[in-house]
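S.K.: Sequence first, predicted coordinates after that:
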Amino acid sequence: MTADRQLPRISGGWIFLLARWAAALLILGILFYLLPVAPLRNALARVPLSRFIAVLLIYLIALTGGITKWHTVVNSAGAQLSFAASAQCYTSGLFGALFLPSIIGGDVARLAVGISRSPHPAAVVTGNVADRFLDVAAQLTLVSLGLLLLPGSLPAPLQGPAKHVLFAGLACAAVAVAFVIALHRRLLRGRSFRTRRRIAHLRNAIRAVSRRPGRLVFGWLLGTSVQGTYVLLTGLLGISCGLSLPLRVWLFAWPLAKIAAVMPITQGGIGVREAALVVLLVPFGAPAAQVLATGIVWEGVIIAVGLLAGLTALLLQRAHTST
């Protein structure tokens, strides 16, 4: 009976996984069909293996900054995780993002490990949510910096959408804060003792984070630095593919493309990120084939990092089990 119940769940999960990969391949196939193949192939052939490996190594170094940020924010909420445990959580999330829907799937894998390693699971959940808010704030910071550096060179078709994205991000953050403040007491009414205790743990974790604004500012600065490093690496790959775009253009377009990839349409945002980059960079005069080639090479870096992160998480788990 148990096996019969688990079989539909497993098969349903595989169906959704295959559907997301099919959607990613479909979007990439449409891009390949619409764009000339020869310039795309030439752009991909121009990327030397040494530069790809160099970008991969710098990405891994910047990844330690992301782990440090997550470790600082989660422990500010009271998770009491060691740095090795935080590294295992973070790398598990990167590996899980390759097989689970978008960035949400990575968070599920990260929280699963963090809750099992922390004496305060509510603090792990709260700290992870705060870390995601810091990531969004870092990306909006880069977009704002790009807009400040593009006062007159931003194409007219993108001026309206760029302002709408910024206003929407600020409005969503304000609404979320107001919603939590207005309903935090109502959430406790009419609940069981266990539910009230869990919500109280979440509230205590939120208070613990709010008492350490310096750590949040440090996390925001560190997150902005990490995201800025990724922008530089993408621009470096773009140069290899034949793109000669100013850094301010990448600061504006790359975070928006990453935000677009958060939507759980395809597996890990593959295809959506490349399509968004093409839409955002073509108005600046960038050849679409070179933009797509840059996105494909960057996806190769992300997949390689995800696989290495999975291996790292496995080794950390074995080290924890042996001790």
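M.R.: Received the coordinates, thanks. Predicted model only: the values in this text are computed from it and were never measured.

S.K.: okay, now residue 146: neighbour count?
M.R.: The burial count assigned to residue 146 is 23, neighbours taken as other CB atoms under 10 Å. Glycine gets a C-beta too; all of them are placed from N, C-alpha and C.

S.K.: Distance check, it against residue 250.
M.R.: According to CB to CB, to the nearest Å, residue 146 and residue 250 sit 8 Å apart.

S.K.: Equivalent analysis for residue 269, please.
M.R.: 18 Å.

S.K.: Same question for residue 316.
M.R.: Taking CB to CB as the measure, residue 316 falls 33 Å from residue 250.

S.K.: For those two, indicate the residue with more neighbours.
M.R.: Applying other CB under 10 Å to residue 316 and residue 250 shows that residue 250 carries more neighbours, namely 28 against 19.

S.K.: contacting residues for the more buried one?
M.R.: Remark: with contacts taken as CB atoms under 8 Å, 6 or more residues apart in numbering, residue 250 is in contact with 146, 231, 232, 234, 235, 238.

S.K.: helix or strand right after the host helix or strand of the second one?
M.R.: What that stands for is residue 231. Using DSSP states H and E, residue 231 falls within helix 213-240. Next along the chain after helix 213-240, taking DSSP H and E as the criterion, comes helix 247-260.

S.K.: Output that following helix in PDB, but only the C-alpha positions, please.
M.R.: The C-alpha coordinates for helix 247-260 follow below in PDB (Å, rounded to 0.1, in the frame of the first residue of the first chain):
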ATOM      1  CA  LEU A 247      30.200  47.600 -17.800                       C
ATOM      2  CA  ARG A 248      27.200  49.900 -17.000                       C
ATOM      3  CA  VAL A 249      25.200  48.000 -19.600                       C
ATOM      4  CA  TRP A 250      25.900  44.700 -17.900                       C
ATOM      5  CA  LEU A 251      25.100  46.200 -14.500                       C
ATOM      6  CA  PHE A 252      21.700  47.100 -15.800                       C
ATOM      7  CA  ALA A 253      20.800  44.000 -17.800                       C
ATOM      8  CA  TRP A 254      22.400  41.000 -16.000                       C
ATOM      9  CA  PRO A 255      20.500  41.400 -12.700                       C
ATOM     10  CA  LEU A 256      17.200  41.800 -14.500                       C
ATOM     11  CA  ALA A 257      17.800  38.700 -16.500                       C
ATOM     12  CA  LYS A 258      18.600  36.800 -13.300                       C
ATOM     13  CA  ILE A 259      15.400  38.000 -11.700                       C
ATOM     14  CA  ALA A 260      13.500  36.900 -14.800                       C
END
